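Q: model this:
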Amino acid sequence: MKSSDFKMHAGKKIPFGGEKSEKQPVFYFLRRLRNYLLFLLAYFAPSNKVRVALNRWKGVNIADGAYIGTAVFIDNMYPEYIYIEENASINAGSMLIAHFNPPQHFRGALLARVEPIVIKKGAICAIRSIINPGVTVGQYAIVAANSVVNEDVEAKTLVRGNPAVKVGKVKIKNQS
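A: Predicted structure coming up:
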């Protein structure tokens, strides 16, 4: 699969308490169960090839050449809102969370929403990094270990911290 084949979803508001289908609760439950089982298998899978395949079955958009490390959590509720381009790397213990759904008592103060996460070509999300809803990590950008990213990361930029801030530029040799 190539990133040019991705069909991007637009962000949207979601109902507080999750997007439950009152018309088809059985299908909703089965989809959630399937995604959870695929998550568990991918979480512990011994090879990148298997982890990528399982996450694709779950609905994640992953281009050829991408790397998904062990123990990576990719949103189970809205996996179709995650886009990982060619040669991008999501390292061990990282989390990609495409939705935010606060408890009902925060209605009016916070917005329940789902927004796409895009990890561009050649980008790296280092060990235990967290990428929040609506974030795009630019081409050849690096998110340092244990960073929490709430805003877009420019191409060829190094960010780190909680919240992640720009700390430098990345020099790339022989990029294609």
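
Q: Dihedrals phi and psi, residue 142?
A: Main-chain torsions, residue 142, degrees, to the nearest 10: phi -130, psi 130.

Q: isn't it right next to residue 127, touching?
A: No - using CB atoms under 8 Å, residue 142 is not in contact with residue 127; the gap is 11.9 Å. All C-beta atoms are positioned from the backbone trio N, CA, C, and that covers glycine.

Q: Which one's more surrounded, the two?
A: residue 142 (23 against 15; other CB atoms under 10 Å).

Q: Could you pull up the residues touching the spatially closest residue to residue 161 that is not a sequence neighbour?
A: In space, and not counting its chain neighbours, residue 161 is closest to residue 147: 5.8 Å by CB to CB, 6 or more residues apart in numbering. By CB atoms under 8 Å, 6 or more residues apart in numbering, residue 147 lies in contact with 126, 129-130, 159-162, 164.

Q: Kindly recompute the last result at 7 Å.
A: 129, 159-162, 164 (CB atoms under 7 Å, 6 or more residues apart in numbering).
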